[in-house]
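Participant: Have a look; sequence and predicted model below, questions after that.
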Amino acid sequence: MAIARRAETVVPCKEDAGSKITRHAGLLSGQLQQLRTRMYPPKSEKTLRQFLTNEVSKLTSIPDSTLKLMSSEGRGPIPGRLENNHRVYTLEQINELRELFAKQKPAEALRFLPRRRPGEHLQVLAIANFKGGSAKTTTCVHLAHYLALNGYRVLALDQPEVDVGANETIYAALRYDEAERRPIRDIIRKTYFDGIDLIPGNLEVMEYEHETPRILANKSSSGAIFFERLKLALSEVETDYDVVLLDTPPSLGFLTLSAIYAATSMIITVHPAMLDVASMSQFLLMMGDLISVLNESGAQLDQDFIRYLVTRHDPNDGPQSQVVAMLRHLFGSDVLLPTAIESTAVEAAGLAKRSIYELEMGQIGRDTHKRAREAVDAVNEAIARLINSSWGRE
């Protein structure tokens, strides 16, 4: 008699959480790498667009007619020509023009070349908030580009995604191992954006978070205490720059505390939603406590300004408007008047790994580009005014 065989049930082997997270991280990392390679092949180099004469005139305050006359007479940097015969300048050429006019008109040199003068301190600006999504990196990138386009020398501590090997990040200048520590000048990289240098930072900096508690517990370091190390490292190159921008990690770890101590000013980014504001409240409470601890350790924080920047702002959103009004009521002029408007143009630029300053008019709608550029300019101009005020300039 035939005996029916019971169907076998295959029970899949359950994947533990660690393995799943590691597998997902690998999948996502590989996909992102493919997208980056497709956008920027391995041997390609990112370049900055060129600028039309009317743009150069706005950036430098040199009249359009003067630029055209200089070009026709062969004086100064020779601009390129587009297919429609319009003149275009690179940012390097724009900076040549700035230096040329600053020498020719010394009484107005600051108008053309706003770099630091003797007696003006290096401005170290920390962009902070320990909540992700508050637009710290977007704020930092756009401010760096704005300052460089206006003639300032900028050093940015940021997180590039590729081409960073071991001991090539800011950690290399901060580490406690004397044999492995490197001068900060050795890890600074030139960028495609004239006037901006970069100190890479990636997951390697977490080693600093792991090492510091051990050093503090064992009292085994004869060098500077943890919160002084970044400030001392930056002092090695302070004559080379006007502004240093610190895109701080989304946490209140040892590196963030080092950044706050090194900073001469701070911008705290906040998205105008109640959950984000509640998170910022905790951030401020914790930061206040930690700064008190630093003060007890002999660290004196003396910052030129601390301002709140409202980011990802939709002025037509009622609840957001209420949050913004509340912040202005509580903090008054410490909240920057311009806000970082939520914009499809900024999002489109971000997807292309560019800032709004790198997009040309034809790449997005003219009106959309104009509104976004005006909003971003207003924020950055307000911060630039604060920087200049810290130098005692009108």
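Facilitator: Yep, it's here. Numbering: from 1, shown residues only.
Participant: Going by C-alpha atoms from here, please, whenever you check contacts or count neighbours.
Facilitator: OK.
Participant: Tally up the residues packed near residue 204, please.
Facilitator: 18 (other CA atoms under 10 Å).
Participant: doesn't it fall inside a strand?
Facilitator: No. Going by DSSP: H, G, I helix; E, B strand; the rest coil, the assignment for residue 204 is helix, not a strand.
Participant: so which strand or helix has the residue nearest to residue 189 when sequence neighbours are not counted?
Facilitator: Once flanking residues are discounted, residue 189 sits nearest to residue 198: 5.1 Å by CA to CA, 6 or more residues apart in numbering. Under the criterion of DSSP states H and E, residue 198 resides in strand 196-200.
Participant: Which other helices and strands does that strand contact?
Facilitator: With contacts defined as 3 or more CA pairs under 8 Å, 6 or more residues apart in numbering; DSSP states H and E, the packing partners of strand 196-200 are helix 136-149, strand 154-158, strand 189-190.
Participant: roughly how far is that strand from the heart of the chain?
Facilitator: Chain-centre distance of strand 196-200: 10 Å, with CA atoms, centre = their mean, to the nearest Å.
Participant: List the pairing partners of it within its sheet, with orientation.
Facilitator: Under the criterion DSSP bridges, strand 196-200 sits next to strand 154-158 (parallel), strand 189-190 (antiparallel) in its sheet.
Participant: Kindly state the beta-bridge partners for the residue nearest to residue 189.
Facilitator: If you apply DSSP bridges, the partners that residue 198 bridges to are residue 156, residue 189.
Participant: ok, back up a step: please work out which of the helices and strands packed on strand 196-200 is packed deepest.
Facilitator: Of all those, strand 154-158 has the most neighbours on average by mean count of other CA atoms under 10 Å, namely a mean of 23.
Participant: can the strands paired with strand 196-200 go into CSV with extra columns for mean pLDDT?
Facilitator: Output for the strands paired with strand 196-200, formatted as CSV (pLDDT from 0 to 100):
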stretch, mean pLDDT
strand 154-158, 93
strand 189-190, 93
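Participant: And those strands: which comes nearest residue 215?
Facilitator: strand 154-158 (24.3 Å; CA to CA).
Participant: In contact with residue 266, which residues?
Facilitator: Neighbouring residues of residue 266 by CA atoms under 8 Å, 6 or more residues apart in numbering: 125-128, 260, 303, 305-307.
Participant: In TSV: those, plus neighbour count.
Facilitator: Formatted as TSV, those follow (neighbours: other CA atoms under 10 Å):
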residue	neighbour count
125	27
126	26
127	26
128	28
260	27
303	17
305	16
306	17
307	18
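Participant: Which residues does the helix or strand hosting residue 280 contact?
Facilitator: For residue 280, the host element (DSSP H and E) is helix 274-296. By CA under 8 Å, 6+ apart, the residues outside helix 274-296 that reach it are 129-131, 252, 257, 270-271, 300-301, 323.
Participant: Sketch out the low-pLDDT regions of this protein for me.
Facilitator: 1-13, 18, 32, 36-37, 39-44, 159-162, 220-223, 361-362 (pLDDT under 70).
Participant: any idea which residue sits dead centre in it?
Facilitator: residue 140 (2.5 Å; CA atoms, centre = their mean).
Participant: Skip the chain neighbours and tell me the closest residue to residue 82.
Facilitator: Counting by CA to CA, 6+ apart, residue 88 is the residue found nearest to residue 82 once chain neighbours are left out, at 7.1 Å.
Participant: What count of nearby residues applies to that neighbour?
Facilitator: So residue 88, with other CA under 10 Å, has 21 neighbours.
Participant: when you give positions from now on, start the count at 885
Facilitator: Renumbered: residue one is now 885, and that last one reads residue 972.
Participant: Can you tell me the SS state at it?
Facilitator: On the three-state scheme (three-state DSSP), residue 972 is labelled strand.
Participant: roughly how far apart are it and residue 1029?
Facilitator: Separation of residue 972 from residue 1029 (CA to CA, to the nearest Å): 19 Å.
Participant: do the same with residue 944
Facilitator: As judged by CA to CA, residue 944 and residue 1029 stand 15 Å apart.
Participant: which helix is the longest one in the chain?
Facilitator: helix 1250-1274 (DSSP state H).
Participant: other SSEs contacting that one?
Facilitator: helix 1020-1033, helix 1228-1235.
Participant: quick one on the thing from earlier: got a list of contacts for the strand holding residue 1082?
Facilitator: Outside strand 1080-1084, the residues touching it (CA under 8 Å, 6+ apart) are 1028-1029, 1032, 1037-1044, 1048, 1052-1054, 1071-1075.
Participant: That one vs helix 1020-1033, what angle?
Facilitator: Angle, strand 1080-1084 to helix 1020-1033, by axes from the mean of the first three to the mean of the last three CA atoms, to 10 degrees: 150 degrees.
Participant: Which residues are in contact with the residue nearest to the centre of the chain?
Facilitator: By CA under 8 Å, 6+ apart, the contact set of residue 1024 is 1011, 1129-1131.
Participant: hmm, try it at 7 Å
Facilitator: By CA atoms under 7 Å, 6 or more residues apart in numbering, the contact list for residue 1024 reads 1011, 1129, 1131.
Participant: Neighbours of residue 1173, how many?
Facilitator: Around residue 1173 there are 12 residues (other CA under 10 Å).
Participant: Tell me how far it lies from residue 1154.
Facilitator: Residue 1173 is 20 Å from residue 1154, where distance means CA to CA.
Participant: What ranges does the chain have for its strands?
Facilitator: 935-936, 964-965, 971-973, 1007-1012, 1038-1042, 1073-1074, 1080-1084, 1127-1131, 1149-1154, 1189-1194 (DSSP state E).
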